[in-house]
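Student: following is a predicted model, sequence given first.
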Amino acid sequence: MIELQPDSGPPALELDGLGKRYRRGWALRDCSLRLPAGRVCALVGPNGAGKSTLMAAAAHLLRPTEGAIRVLGRSPGDPAARARTAFVAQDKPLYRGFTVAELLRLGQELNPVWDRSGAEEVLAGGDVPLSARAGSLSGGQRTRVALALAVGKRPDLLVLDEPMADLDPLARQQLMGVLLAGTAERGCTVLISSHVLAELHDACDYLVLLSGGRALLAGDIEELVDAHRLLVGTAGPAGEPAGLRPHEVVETRRSGRRLTALVRPGGPVAADWEAATPTLEDVVLAHLRSPGAPALLTGEARPVRTAVAA
Ligand SMILES: Nc1ncnc2c1ncn2[C@@H]1O[C@H](COP(=O)(O)OP(=O)(O)OP(=O)(O)O)[C@@H](O)[C@H]1O
């Protein structure tokens, strides 16, 4: 008997060996991963890791040098993919001479679907005068307008490059709540980058960690954390990590004779190690400090090679 699989539709984002080279070198290199539809995904990584480049490729703002990228099952340049994707770039570009009201009207005119109340809700908590010209707005006000225009588009994929950087802590919290409530209601996929992991932790259920242009971690946050153990023990006389051999070691740190190791267990943990479940922050920081660690992509994040056309 043939078992029928539920049709879950294409992933929101699918990268297969994606590479982007600038004159000075590769910004993304052999980057492969999947982001299933409906997830809220944190995109993290050190400065220059390739986060903005990945986002710009998804928004069809740059052409990859090699590999393939698909957005909602289509090429990023496909009009249907572009209509269903909204991107807020790090510098929040807006037409400076337009008033906020004019920008909102432009959003309404240019988009086949326009969610006026969603856009207004984003603006609501922010004291943004509708009559003010974009060029005269503060950084935080500009952020609100850019986010309002993106949300108003009612996208299926919302790509946000460090959207909260200009906002005060209260505004961050309020806006994140508004953004996520609206997108969760509609099953919209969100890809959001930030350097403040704590800011993303509560909001996101999926994570991509880029390092040196590659995905070092990608997948469901719970699965990623569950794949690791934090081991604390005593270093051997030569200082070498004793009893770690069956495990894949991401990082070891030494303080006196005390040794802490973040590992991906490859068998039972020896009795002389104390084992604990790490936090997401433990896992991310250990990988940031050890960019040479082997990559880990959990089930749904692994690319299905045949599904991606060049
Ligand atoms: N337009 C460009 N021309 C030349 N090099 C570029 C360009 N854009 C990015 N790069 C280079 O590509 C690499 C990745 O940059 P990218 O902006 O994608 O990183 P990022 O992870 O977003 O960094 P940050 O956290 O600092 O915003 C960097 O080395 C950067 O200097």
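Tutor: Cool, got the structure.

Student: tell me how far residue 67 lies from residue 223.
Tutor: 25 Å (C-beta to C-beta, to the nearest Å). Every C-beta, even on glycine, is put in place using the N, C-alpha and C of the backbone.

Student: with residue 184 instead?
Tutor: The value you get for residue 184 to residue 223, if C-beta to C-beta is used, is 20 Å.

Student: thinking again about what came up before, ok, residue 67 and residue 223, which is more surrounded?
Tutor: More crowded of residue 67 and residue 223, by other C-beta atoms under 10 Å: residue 67, with 19 against 15.

Student: residue contacts, that one?
Tutor: Residues near residue 67 by C-beta atoms under 8 Å, 6 or more residues apart in numbering: 15-19, 30-32.

Student: from the residues you listed, which land in strands?
Tutor: Using DSSP state E, 15-19, 30-32 are the members of these that sit in strands.

Student: filter those residues to the buried ones?
Tutor: 15-19, 31-32 (16 or more other C-beta atoms under 10 Å).

Student: which residues are in contact with stretch 272-279?
Tutor: 225-226, 228-234, 242-243, 262, 269, 286.

Student: out of those residues, which comes closest to the ligand?
Tutor: residue 286 (18.9 Å; C-beta to the nearest ligand atom).

Student: now do the helix or strand that residue 260 is a member of: which elements does it pack against?
Tutor: Residue 260 belongs to strand 258-264 when assigned by DSSP states H and E. When contacts are defined as 3 or more C-beta pairs under 8 Å, 6 or more residues apart in numbering; DSSP states H and E, strand 258-264 packs onto strand 229-234, strand 248-255, helix 280-289.

Student: same list, the contacts of residue 67, but as TSV with pLDDT please.
Tutor: Below are the contacts of residue 67 laid out as TSV (pLDDT from 0 to 100):
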residue	pLDDT
15	96
16	94
17	95
18	96
19	97
30	93
31	95
32	95
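
Student: so where is the stretch 1-150 of the chain shaky, pLDDT-wise?
Tutor: 1-8 (pLDDT under 70).

Student: that one: strands as residue ranges?
Tutor: 13-22, 25-35, 40-44, 66-71, 85-88 (DSSP state E, counting those that start in this stretch).

Student: okay, these, which one's buried deepest?
Tutor: With neighbours taken as mean count of other C-beta atoms under 10 Å, those reach their highest mean count in strand 40-44, at a mean of 25.

Student: close to the ligand, is that strand?
Tutor: No. Counting by C-beta under 6 Å from any ligand atom, the ligand has no neighbours in strand 40-44; the shortest distance is 8.5 Å.

Student: return the distance of that strand from the chain's centre.
Tutor: Put simply, strand 40-44 sits 2 Å off its chain's centre (C-alpha atoms, centre = their mean, to the nearest Å).

Student: got the angle between that strand and helix 280-289?
Tutor: Orientation check (axes from the mean of the first three to the mean of the last three C-alpha atoms, to 10 degrees): strand 40-44 against helix 280-289 gives 40 degrees.

Student: who does strand 40-44 pair with, and is each partner parallel or antiparallel?
Tutor: Paired with strand 40-44 in the same sheet, following DSSP bridges, are strand 189-193 (parallel), strand 206-211 (parallel).

Student: and residue 13, bridged to which residues?
Tutor: residue 35, residue 71.

Student: is it in contact with residue 73, as I believe?
Tutor: No. Look at residue 13 against residue 73 with C-beta atoms under 8 Å: they stay out of range, at 10.0 Å.

Student: check contacts around the closest residue to residue 300 other than its chain neighbours.
Tutor: Closest residue in space to residue 300, ignoring its immediate chain neighbours: residue 36 at 5.0 Å, by C-beta to C-beta, 6 or more residues apart in numbering. Neighbouring residues of residue 36 by C-beta under 8 Å, 6+ apart: 8, 11-12, 189, 206, 300.

Student: go again with 10 Å.
Tutor: 8-14, 189, 206, 219-220, 299-301 (C-beta atoms under 10 Å, 6 or more residues apart in numbering).

Student: among the residues you listed, which one lies nearest to the ligand?
Tutor: residue 13 (15.6 Å).

Student: one step back: quickly list what's touching both of residue 13 and residue 73.
Tutor: Joint contacts of residue 13 and residue 73 (C-beta under 10 Å, 6+ apart) are residue 37.
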